[in-house]
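Student: attaching a predicted model along with its sequence, questions to come.
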Amino acid sequence: MYYNAYSVRDGMNTSTNSKVITPHRVTPTPDGDFLLFLGKRVRQLRSLRGMTRKMVAREADVSERHLAQLEAGEGNVSIVLLRRIAGALNVSLVELFAPEVEEPGEKRLIQRFLERLPNHRLEDVVFRLMRDFGPEEKVRRMRVALIGLRGAGKTTLGSRLAGESHVPFIEMDREIERDTGMPLAEIFALYGQSGYRAIEKRTLERVLNENERAVLSVGGGVVSEKETFDYLLSHCYTVWIKAQPEEHMTRVMAQGDFRAMAGNDQAMEDLRRILEAREPLYRQADMELDTSGSSTEESFSRLKTTLRANLQ
């Protein structure tokens, strides 16, 4: 499945002293609530990283059935297995158990302030924050990074934008392959998801250090690693290139990749889940461009017009 680079039980109590079988009402317990929370958290992290259950099970060296039970809130796994699963998802055990870390008071005050601001004022606030606390704003805006899932149009639009702007067009996937001397599939096979993300971060830092002006096409999974994504946001003007799930699928197959056709219904369900999990992160980009139902010319014209208005 291409998108993985981009995939109530009822209790009955039968009395032995009676022929009558009566339903047994299960009362929620702290342990049961914790298992449900843990299962939901594992599913959330798996979707965020675009990993199928089979991928996580393989990297964690646990059975797919065991992982399915855990995600359903029915498993009672050992701490060793949880450590393996956390490693496969590239998170710490602390992140697995306590995803909502208490924020400092000052940060909560800022968040509440921003929540009360009308939408038309947010852009001004972001500009001032980047100017005063981020890297040189002028330098940041000389590099445009296109993010989003495969099939949205990053390569097509990015290469045209770079050509007209007379700057290098850089595909991060190709740069990662050049740095390692291996194709992406082999990198994932040898190092797993966490290893790939570490390589991606090093390559991104090198590329940005070497190119003051450029257009980048960045893999959609970069948003799942906070440190790497924050680095990208602070050093590039980012554009989320988006499309409807059906168009993602159609465009990738039009490129000659028919792997998604096997188990198409499951592939679409996986894709929708990945998009849902990542949408709040993609929305952190400086701007969005929806290419759904648009020709390449229409999308490119809107991209140029919007960039011109925002980067002047």
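Tutor: Alright, I've got the coordinates. Quick caveat, the model's predicted, so the values are computed rather than measured. Numbers count the residues shown, from 1 in each chain.

Student: from now on I want contacts and neighbour counts done on CA atoms only, so please keep to that.
Tutor: Will do.

Student: buried ones in the host helix or strand of Asn209?
Tutor: Assigned by DSSP states H and E, Asn209 belongs to helix 184-210. By neighbour count on 16 or more other Cα atoms under 10 Å, the buried set for helix 184-210 is 184, 187-188, 192-194, 196-197, 199-201, 203-204, 207-208.

Student: tell me which of those is nearest to Arg46?
Tutor: Arg46 has its nearest neighbour among those in Gln193, at 10.9 Å by Cα to Cα.

Student: helix or strand with the lowest mean pLDDT in the chain?
Tutor: strand 12-14 (a mean of 37; mean pLDDT, DSSP states H and E).

Student: any stretches of this protein with poor pLDDT?
Tutor: 1-30, 75, 98-105, 108, 123-124, 126-128, 130-139, 254-265, 312 (pLDDT under 70).

Student: domain boundaries for it, per the record?
Tutor: 28-97, 134-311 (automatic domain parsing).

Student: closest one to Glu106 among these?
Tutor: domain 134-311 (18.3 Å).

Student: show me where the stretch 151-300 of the chain has helices.
Tutor: Per DSSP state H, counting those that start in this stretch, the stretch 151-300 of the chain has helices spanning 154-165, 172-180, 184-210, 226-235, 245-254, 264-282, 296-311. These are given in chain order.

Student: need these in TSV with distance to Arg83, can you?
Tutor: Shown next, in TSV, are the helices of the stretch 151-300 of the chain (distance: least, Cα to Cα, whole Å):
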stretch	distance to Arg83
helix 154-165	36
helix 172-180	28
helix 184-210	14
helix 226-235	20
helix 245-254	33
helix 264-282	23
helix 296-311	44
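
Student: tell me which of those helices lies nearest to Ala68.
Tutor: Across the helices of the stretch 151-300 of the chain, closest to Ala68 is helix 264-282 (Cα to Cα), at 15.2 Å.

Student: okay, that closest one in CSV with CA atoms only?
Tutor: Only the C-alpha atoms of helix 264-282 are listed here, as CSV (Å, rounded to 0.1, in the frame of the first residue of the first chain):
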residue,chain,number,x,y,z
ASN,A,264,-8.7,-0.6,-2.5
ASP,A,265,-11.4,-0.1,0.1
GLN,A,266,-8.9,-0.6,2.9
ALA,A,267,-6.4,1.7,1.2
MET,A,268,-9.0,4.5,1.0
GLU,A,269,-10.0,4.0,4.7
ASP,A,270,-6.3,4.1,5.7
LEU,A,271,-5.8,7.3,3.6
ARG,A,272,-8.8,9.0,5.2
ARG,A,273,-7.6,8.1,8.7
ILE,A,274,-4.1,9.5,7.9
LEU,A,275,-5.5,12.7,6.6
GLU,A,276,-7.8,13.2,9.6
ALA,A,277,-4.9,12.6,12.0
ARG,A,278,-2.5,14.9,10.2
GLU,A,279,-4.9,17.7,9.3
PRO,A,280,-4.3,19.8,12.4
LEU,A,281,-0.6,19.6,11.8
TYR,A,282,-0.8,20.4,8.1
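
Student: start at 16 instead
Tutor: Renumbered: residue one is now 16, and that last one reads helix 279-297.

Student: now it: buried residues?
Tutor: Buried positions in helix 279-297, judged by neighbour count with 16+ other Cα under 10 Å: 282-283, 285-290, 292-294, 296-297.

Student: what would the residues you listed look like in TSV with distance to Asn91?
Tutor: As requested, the buried residues of helix 279-297 are exported to TSV (distance: Cα to Cα, whole Å):
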residue	distance to Asn91
Ala282	29
Met283	31
Asp285	26
Leu286	29
Arg287	29
Arg288	25
Ile289	26
Leu290	30
Ala292	26
Arg293	29
Glu294	31
Leu296	31
Tyr297	34
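
Student: what's the most distant pair in these?
Tutor: Farthest pair in the buried residues of helix 279-297, by Cα to Cα: Ala282 and Leu296, 21.6 Å.

Student: out of the buried residues of helix 199-225, who's nearest Leu108?
Tutor: Relative to Leu108, and with distances defined as Cα to Cα, the nearest of these is Ser209, at 14.4 Å.

Student: can you tell me what sits against stretch 126-144?
Tutor: For stretch 126-144, there are no surrounding residues in contact (Cα atoms under 8 Å, 6 or more residues apart in numbering).

Student: first vs last residue of it, how far apart are they?
Tutor: Stretch 126-144 has an end-to-end distance of 13 Å (Cα to Cα, to the nearest Å).

Student: same check, this time on stretch 162-173
Tutor: Taking Cα to Cα, stretch 162-173 runs 10 Å from one end to the other.
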